[in-house]
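**Student:** Provided below for reference: sequence and predicted model.
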2 protein chains.
Amino acid sequence: MKNRTIESAWRGAERCKNCAIRHLVLFADLTHDDFDRIHHPIDDIEFKPGSRVYLQGDEMPFVYTVRSGLIKLVQHLPNGDRRIVRILSQGDLAGLENLDGQPASHEAVTMDHVRVCRIPRSIIASLKRDTPRLHDALLQRWQKALSGADNWITRLSTGNARSRVARLLLLLDENSEDDSFFLPTREDMGAMLGITTESASKMTAGFRRNGLLKPLEDHRAWIDERELKKQFD
Amino acid sequence: MKNRTIESAWRGAERCKNCAIRHLVLFADLTHDDFDRIHHPIDDIEFKPGSRVYLQGDEMPFVYTVRSGLIKLVQHLPNGDRRIVRILSQGDLAGLENLDGQPASHEAVTMDHVRVCRIPRSIIASLKRDTPRLHDALLQRWQKALSGADNWITRLSTGNARSRVARLLLLLDENSEDDSFFLPTREDMGAMLGITTESASKMTAGFRRNGLLKPLEDHRAWIDERELKKQFD
DNA sequence: GCGCCGCATTGAAAATTTTCAATCGCGGTC
DNA sequence: GACCGCGATTGAAAATTTTCAATGCGGCGC
């Protein structure tokens, strides 16, 4: 029972050069010469919703560039509590935290249908030696991850349950290209906000009754951004 | 009414080479040649407790290596709420998040008597171009900051107030060289944990009554680490 | 020594959140 | 079409947290 499929693999990085989202990914600024230095296969992988990309404690021979879909990073506490600490979306790098060879500090689980490029860590390591362009791209990723984490603390873990849900909806909405956005399960919303599933449900349902949130087909939703921002922020 | 004093300044980085905590700081792995590339003054600065090192929104021409003491990074929400997102201690770099030239995303405030080295950003920029050793040191800083942020979310912003306070005490204790550790004001504890000052006070006072926490002179305290860990973790 | 100020503590009522259990709704199966 | 199962929703009671106000406690200046 596999919940992932390998769509394609190839030696080197021929197709990276022509990747449709190359401007968003780690390799955005590499030159053709740089690509020629890549001598290990990069796989294009699809995951079904709810698949585990890696587990907390795993050795991490790969990093993963998110091509589409959303991945949650979950951290488990010894007492069994768990908390979602970040959401990765297009262009983000799963496994960034473990580029130094440390075992994974999170569990990574897909929230919807996800496509990633699986990149051997050795590629990053060797490119890092030779090209400063990759350095900068990595630094940007660290920066984004850290400011994301800070926002998670100040916006999603502060204030009462209603504000937290509101700010989560606004965040999901901002990060979406689309007019609509992916609305997580109430359980996931709770794990992001540090509240119970039921509380997440009550607040969400409240917003729906107020007309501030409209669920759409396929786990997606729309919010009255202006009004939500006015009431919370 | 200055709440900081400049202890010493010097051109270049002569004294960096002999810095007592050099093994802990950003410049740990630089060679003598590297130091000779530093052509801007690095100041050694002291701050009184409660001094603002920089404000949210400030331009950041400097970064600051913490030599001793503790600095809190505070983020303000539009609605006036505020949250402490990180504590910096010896060897940490304040302003790391703004090395790219972005204005400060936090306010940095000293919690006790603090000594820092103020390093012009231009030095980092020029060294970064020339020495991979600095690169690695910076990456380590990013890594530490991010895993710190993740812990902040999972350990300090999850569970009931009692657990949060317990885990904060354990964290403060771990990070201290000493057998004792710096116990923040209840207001700061609240801002770290996302609870009110009064709740922080009630939990803290409770631990004191149980003998799990003993306040010492000068804002320091001791905890029964084993017992606290057993009950929480 | 006295008074003051800032912080910590405490108590009681109000508000919020969790808990626990029941029900609903919907998509898929048989 | 009936049935199942999973997630969402809802309600009511219990537990926790906040709020608001009062009091305690040290240190500091005068």
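**Tutor:** Received the coordinates, thanks.

**Student:** just the pLDDT for A:His32.
**Tutor:** Here the pLDDT value assigned to A:His32 is 81.

**Student:** er, A:Gly194 I mean
**Tutor:** Reading off the model, A:Gly194 has pLDDT 97.

**Student:** what sits against it?
**Tutor:** By Cβ atoms under 8 Å, 6 or more residues apart in numbering or on different chains, the contact set of A:Gly194 is A:Arg83, A:Leu156, A:Ser157, A:Arg164, B:Ser157, B:Thr158, B:Gly194. Yep, even glycine has a C-beta here, placed from its N, CA and C like the rest.

**Student:** go with 7 Å
**Tutor:** A:Arg83, A:Ser157, B:Ser157, B:Thr158 (Cβ atoms under 7 Å, 6 or more residues apart in numbering or on different chains).

**Student:** just A:Gly148 next, same as before
**Tutor:** With contact set as Cβ under 7 Å, 6+ apart, A:Gly148 has these partners: A:Arg86.

**Student:** tell me which element the nearest residue to A:Leu213 once chain neighbours are set aside is part of?
**Tutor:** Distance criterion Cβ to Cβ, 6 or more residues apart in numbering or on different chains; nearest residue to A:Leu213, sequence neighbours excluded, is A:Phe207 at 4.0 Å. Using DSSP states H and E, A:Phe207 maps to helix A:197-209.

**Student:** can the helix or strand following that helix be found next to DNA strand C?
**Tutor:** Per DSSP H and E, helix A:197-209 leads on to strand A:213-215 as the next helix or strand towards the C-terminus. No - figure legend: strand A:213-215 not in contact with DNA strand C (Cβ under 7 Å from any atom of the strand); closest approach 9.8 Å.

**Student:** which bits of chain A sit near chain B?
**Tutor:** A:75, A:77-79, A:81, A:83, A:85, A:97, A:100, A:105, A:135, A:142-143, A:145-147, A:149-150, A:152-155, A:157-159, A:194, A:233 (Cβ under 7 Å from any Cβ of the partner chain).

**Student:** out of these, which sit inside strands?
**Tutor:** Secondary structure from DSSP state E places A:Gln75, A:Arg83, A:Val85 of the residues of chain A next to chain B in strands.

**Student:** got those as JSON lines, with pLDDT, distance to DNA strand C and neighbour count columns?
**Tutor:** Below are those laid out as JSON lines (pLDDT from 0 to 100; distance: Cβ to the nearest atom of the strand, whole Å; neighbours: other Cβ atoms under 10 Å in any protein chain shown):
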{"residue": "A:Gln75", "pLDDT": "97", "distance to DNA strand C": "17", "neighbour count": "21"}
{"residue": "A:Arg83", "pLDDT": "97", "distance to DNA strand C": "12", "neighbour count": "24"}
{"residue": "A:Val85", "pLDDT": "97", "distance to DNA strand C": "17", "neighbour count": "28"}
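
**Student:** B:Asn175: which of those residues is nearest?
**Tutor:** A:Gln75 (19.0 Å; Cβ to Cβ).

**Student:** OK, contacts around that closest one?
**Tutor:** A:Gln56, A:Arg82, A:Arg83, A:Val85, A:His106, B:Asp150, B:Thr154.

**Student:** not counting sequence-adjacent ones, nearest residue to it?
**Tutor:** A:Gln75 sits nearest to B:Thr154 (Cβ to Cβ, 6+ apart), 4.3 Å away.

**Student:** what's the neighbour count on the nearest residue to A:Pro49 once chain neighbours are set aside?
**Tutor:** Nearest non-adjacent residue to A:Pro49, counting by Cβ to Cβ, 6+ apart: A:Asp112, 5.0 Å away. Burial measure for A:Asp112: 17 neighbouring residues, criterion other Cβ atoms under 10 Å in any protein chain shown.

**Student:** and A:Asp112, its phi and psi?
**Tutor:** Reported as degrees, to the nearest 10, the phi and psi values for A:Asp112 are phi -140, psi -160.

**Student:** average model confidence for stretch A:41-59?
**Tutor:** Mean predicted confidence for stretch A:41-59 is 91.

**Student:** how far is it from where the chain is centred?
**Tutor:** 12 Å (Cα atoms, centre = their mean, to the nearest Å).

**Student:** just the buried members of the contacts of A:Gln75?
**Tutor:** A:Gln56, A:Arg83, A:Val85, A:His106, B:Asp150, B:Thr154 (16 or more other Cβ atoms under 10 Å in any protein chain shown).

**Student:** okay, how far is it across stretch A:206-226, tip to tip?
**Tutor:** Using Cα to Cα, to the nearest Å, the end-to-end distance of stretch A:206-226 comes to 17 Å.

**Student:** how about it and DNA strand D, any contact?
**Tutor:** Yes - between stretch A:206-226 and DNA strand D, judged by Cβ under 7 Å from any atom of the strand, the touching residues are A:Gly206, A:Arg208, A:Arg209.

**Student:** quick one: low-confidence ranges for chain A?
**Tutor:** A:1-14 (pLDDT under 70).

**Student:** what are the contacting residues of stretch A:121-139?
**Tutor:** The list of residues contacting stretch A:121-139 from outside it, by Cβ under 7 Å, 6+ apart, reads A:26, A:28-30, A:34, A:37-38, A:40, A:60-63, A:99, B:135.

**Student:** now the ones in strands among the residues of chain A next to chain B in a markdown table, with distance to DNA strand D?
**Tutor:** Formatted as a markdown table, these follow (distance: Cβ to the nearest atom of the strand, whole Å):
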| residue | distance to DNA strand D |
| --- | --- |
| A:Gln75 | 20 |
| A:Arg83 | 15 |
| A:Val85 | 20 |
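
**Student:** helices of chain A, residue ranges please.
**Tutor:** With DSSP state H as the criterion, chain A has helices at A:32-36, A:121-130, A:132-156, A:161-175, A:186-193, A:197-209, A:225-231.

**Student:** and the fourth one, which residues are buried?
**Tutor:** To tie it back to what came earlier, the one meant is helix A:161-175. A:161-173.

**Student:** please see if it touches DNA strand D.
**Tutor:** No - counting by Cβ under 7 Å from any atom of the strand, DNA strand D is not contacted by helix A:161-175; separation bottoms out at 10.3 Å.

**Student:** just the third one next, same as before
**Tutor:** No - among the residues of helix A:132-156, none lie within reach of DNA strand D under Cβ under 7 Å from any atom of the strand; the closest is 14.8 Å away.

**Student:** was I right to think the residue nearest to A:Gln75 contacts A:His76?
**Tutor:** No - taking Cβ atoms under 7 Å as the definition, B:Thr154 is not a contact partner of A:His76, at 8.1 Å.

**Student:** which parts of chain A sit against DNA strand C?
**Tutor:** Near DNA strand C, when you scan chain A using Cβ under 7 Å from any atom of the strand, you find A:Asn160, A:Ala161, A:Arg162, A:Gly194, A:Ile195, A:Thr196, A:Glu198, A:Ser199, A:Lys202.

**Student:** in a markdown table, list those along with distance to A:Val116.
**Tutor:** Shown next, in a markdown table, are the residues of chain A next to DNA strand C (distance: Cβ to Cβ, whole Å):
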| residue | distance to A:Val116 |
| --- | --- |
| A:Asn160 | 36 |
| A:Ala161 | 33 |
| A:Arg162 | 34 |
| A:Gly194 | 28 |
| A:Ile195 | 30 |
| A:Thr196 | 31 |
| A:Glu198 | 33 |
| A:Ser199 | 32 |
| A:Lys202 | 34 |
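
**Student:** if anything else comes up later, I'll come back, but that's it for now.
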